[in-house]
Structure formats: C-alpha cells, structure tokens
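In: Prediction below, plus the sequence it came from.
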There are 2 protein chains.
Amino acid sequence: MARPKKFSRETVLDKAIPVFWRYGLAGANVQQLEAATGVNKSGLYSEFENKDDMFVEALRRYLETGPALRILSSRPLGLGNIEQFLSLAPAFSGDYAGCLSVNSTRDIALLPDAAVRLILDFNETRMAAIRKNVEAEFPQDQVDDVCNLIWTFFSGICIDANLKADVGAHRNRVQAFMRLLRGSASSGRAEA
Amino acid sequence: MARPKKFSRETVLDKAIPVFWRYGLAGANVQQLEAATGVNKSGLYSEFENKDDMFVEALRRYLETGPALRILSSRPLGLGNIEQFLSLAPAFSGDYAGCLSVNSTRDIALLPDAAVRLILDFNETRMAAIRKNVEAEFPQDQVDDVCNLIWTFFSGICIDANLKADVGAHRNRVQAFMRLLRGSASSGRAEA
DNA sequence: AGTATTCTGAACCGAATAGTTCAATACCCG
DNA sequence: CGGGTATTGAACTATTCGGTTCAGAATACT
C-alpha cells in the first residue's frame, strides 16, 4: 500500500541526544541535528514541534532509557549499586562522556519549562533510588549526608568528563570515593 | 583636555561575568551584555574584539580575581583551607551561584581555544594548590585520590548550584564531605 | 569658549538562525 | 503496474545574531 517509515521517532532521538549532549540546547543547531539523525529538516519538523520540543523529547528518552534507575534498584540494595551507578551511569561510549541531564542543569536558565521539570523530577526519583541503597548500609542519621555526597560526586564526575573522557581515571576516582564511603559506613556502624 | 573614561575594562568585565556565568558563551547575546554592563555596543566593540574575546577576558578576570588560590595558599596549609575553598569559592552572592569556570567546562566544545587553555591551565594550578594542602595531612599514597575527590566534589557543588542556590544546604554538604575527609585522614595516619 | 576625547544612538550589513511550504521522488504492497 | 504514503530537496520567510560605521552628544580640562 504505502511506503513504510524509514526512521522511528526513537532512533531519531537516540541520534539527536549526543548533539544536545555535547553542544547544549542553545549551542546545537538544526543542521547538526539533520546531520546526526540523517533526517531532513522537513522530516524533523514533521515529527517534532520545534527545536525545543526535540530537546525535551531527547532528554526524556535519555532519562527513560538510561541505566541509572535500573542499576540503583537491582538487588541486593547497597553500596554495590552505588558503585555501579557511579561507574556506568556516566556514559563513556566513544566520543561523549558524562550525563546529558547533568550537563543540562548548567543550561537551566535557557531550557524550556518542560525540560526543567524533567530534570527536577528525575533528580527526585533518582535521589530516592540512591537513598534506598544508602539506607541499607548507613545509620539513619547519616543517610541524608551520604546521599548528597553521592549525588554531588556524580555531578562532578559528569562535568569533568566533558574535559577529558578518561575511562581509567574515572574508575580510579570512583574506587577512591567508594573506599571513603565504605570506611565511613563501617566506622559509622561501629559507633552505633 | 579630554573627557575621561566613564567605564574601565575591569568594571565592564565584572558586570559581564554574571551574564556568561548564567547563560554560557553560546547562550549569552550582545544585548544582554550591553544591558548588564551599561555600555553601548559600540563601546563594547571598541574595548573588545568580539564576543568570544569578551568571554575570554571575562573568564580570565574571573579566575584572576577569584578567591580560590588565595584561600588555598593561606597558612597553615591543610584541610582547613580545603574547607574554606569548598565553602567560599563557589560564590553565593545574590543571584548567581557556582563557578563560571566549572560551568564553562560544560560548554567546552563551543569555546575558543584561548578559553579552553585558560580553563586547563587554571585547573592545573588550582589542583597544585589543593595538593599542597592535602600533602600536609595525608600519607603520600593517598594524595592523588584525595585531590581528585576534592576537585570532583567541588565541580559537583558548582553544577548543582545552577539548580538551587541554597546556602544552608551548601554548607551542610561541605561539612559532611569534610567529616568524611577528616575521618579518612586520621584513620589513614593511624594505619601508617 | 574651545578643544580633545569618550561615549551613545541609530542605522546598517551579511550571515546564520529557526521554521514553513510544497512539488518531486522514493518506496512498498496489493 | 499503480495507488498511496514517507521522505527529500530546495526555495522561501522572518527573525535574530554578531559586528561595523559614524555623526553627534556629553564631558572635562585649559
């Protein structure tokens, strides 16, 4: 009957993600999005409202398909999951590293409301997932602090990844941080 | 003889800094810079080559006048300086928070070479200053790791500050991190 | 007042931008 | 083959952008 779709919304978004990742919403232009997705401007604008919409949908897909929540909810809960999260959630695949969501918090002043909401909402659910793992290993009165430390550390890793995507250095840093956390966990329980 | 200068290069840069800080190089436009500095476009372009140049000079001035190195080299060296650095270096003055340099590493793909060099160079000297303080309190084999932790934590703080500039939460996070560090320092020395 | 300098305002330019439109074509399937 | 949809290409608009130019106003000193 008819010609079938050559591209799916999802694959287009997957290819648009690295562009926004690297250049941000303001820094990315439609030509780059055409080149990266392999889809014509006409095609893009038939699938998305505008560049902002494209960005929001890319960010949504990024957050939905990313490994963070899956990693953080795997059993058993505990610092093992945190280590996995810190190791794997900031992607180090080929060209780009870090995290689109963390990068985007830097651009927060320029983002459409929908994107800001996505970021804030996901920050909450991600933090809740982190917390469940922390609660499994730390006394209650330390949980807040440890969660904040983990999140801050994660953000720092992601930003630094823009500068140099060095897998080895990344692993070392995560391990050093985990040693610190584990030391704190055991001494914390010893005190309790 | 002649009309004296109404604005100085330095005050203009000081007023331009928050604009780049908040919107980034790509996200800031000349109109915003005019409004923020109170200087006409003609005036700006008589003082600076172009927008890129304005950004580079703003970043340079930011790094030169910022408190980081001063804090980190005050005597005695040690974790006290680190705490001061983490507490004060990310500015929380009024509207804007975080750090222009950290924010700019997110935009690294769009920055002029001179800006990239500024960031990398200052990262090195800043890291060297951090290291001197760490060496005063940690056994040699832990120094690298601890330095990386501190820097990563700092970056994380700065990025998160774009989202919510909460002075109280900031202080709590720094203190929690310092507790962790101090615990590690004492146990590290005990082991040695 | 006269003069040298600073600064502004506004007009202007070319390039790049996001976004629209539509005719032409590629494609699949019955 | 032919009908119908997916996609492209290109032309086009409108806006914004960075950047230039320059005449004239503001200012301070002699």
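Out: Ah, there it is. Numbering: from 1, shown residues only, chains lettered A, B, ... in the order given.

In: Which of the residues in the top helix by length along chain A are classified as buried?
Out: When chain A is parsed with DSSP state H, its longest helix is helix A:167-191. Neighbour-count burial for helix A:167-191 flags A:H170, A:R173, A:V174, A:A176, A:F177, A:M178, A:L180, A:L181, A:S184, A:A185, A:G188 (criterion: 16 or more other C-beta atoms under 10 Å in any protein chain shown). Where you see a C-beta, it was placed from the backbone N, CA and C, and this is true even at glycine.

In: Work out the gap between that helix and the centre of the chain.
Out: Mean-position distance between helix A:167-191 and its chain equals 21 Å (C-alpha atoms, centre = their mean, to the nearest Å).

In: just checking, what packs against that helix?
Out: Under the contact definition 3 or more C-beta pairs under 8 Å, 6 or more residues apart in numbering or on different chains; DSSP states H and E, helix A:167-191 sits against helix A:79-88, helix A:140-161, helix B:140-161, helix B:167-191.

In: check contacts around the residue nearest in space to the middle of chain A.
Out: Chain A has A:C99 as the residue nearest its centroid, 4.1 Å off, counting by C-alpha atoms, centre = their mean. By C-beta atoms under 8 Å, 6 or more residues apart in numbering or on different chains, A:C99 lies in contact with A:A89, A:P90, A:A91, A:F154, A:C158, A:A161.

In: and what of A:V30?
Out: A:V30 neighbours (C-beta under 8 Å, 6+ apart): A:K41, A:L44, A:K51.

In: now do A:V167
Out: A:F92.

In: try A:H170
Out: Per C-beta under 8 Å, 6+ apart, neighbours of A:H170: A:S87, A:P90, A:F92, A:I157, A:A161.

In: same question, A:Q32
Out: With C-beta under 8 Å, 6+ apart, A:Q32 has these contacts: A:V19, A:Y23.

In: Please report how far it lies from A:N50.
Out: Distance, A:Q32 to A:N50, by C-beta to C-beta, to the nearest Å: 15 Å.

In: sorry, back to before: including neighbour count and distance to A:V19, could the contacts of A:H170 go into a markdown table?
Out: Shown next, in a markdown table, are these (neighbours: other C-beta atoms under 10 Å in any protein chain shown; distance: C-beta to C-beta, whole Å):
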| residue | neighbour count | distance to A:V19 |
| --- | --- | --- |
| A:S87 | 18 | 25 |
| A:P90 | 22 | 18 |
| A:F92 | 16 | 18 |
| A:I157 | 25 | 22 |
| A:A161 | 24 | 17 |
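
In: Name the nearest of these relative to B:V134.
Out: Ranked by distance to B:V134 (C-beta to C-beta), the contacts of A:H170 are led by A:I157 at 19.0 Å.

In: So that closest one sits against A:A89, correct?
Out: No - shown here, A:I157 and A:A89 do not form a contact pair, counting by C-beta atoms under 8 Å, at 9.1 Å.

In: A:N81 - nearest residue in space that isn't next to it in sequence?
Out: Spatial nearest neighbour of A:N81, excluding adjacent residues (C-beta to C-beta, 6 or more residues apart in numbering or on different chains): A:N133 at 4.7 Å.

In: Does that neighbour belong to a helix, a strand or coil?
Out: Secondary structure, DSSP: H, G, I helix; E, B strand; the rest coil: A:N133 is helix.

In: Number of residues surrounding it?
Out: By other C-beta atoms under 10 Å in any protein chain shown, the residues close to A:N133 number 26.

In: Contact partners for it?
Out: With C-beta under 8 Å, 6+ apart, A:N133 has these contacts: A:L72, A:L77, A:G78, A:L79, A:N81, A:I82.

In: what sits against the fourth one?
Out: In this structure, A:L79 makes contact with A:N133, A:E137, A:M178, A:L181, A:R182, A:A185, judged by C-beta under 8 Å, 6+ apart.

In: and of those residues, the nearest to A:F7?
Out: Using C-beta to C-beta, those come closest to A:F7 at A:N133, 37.9 Å.
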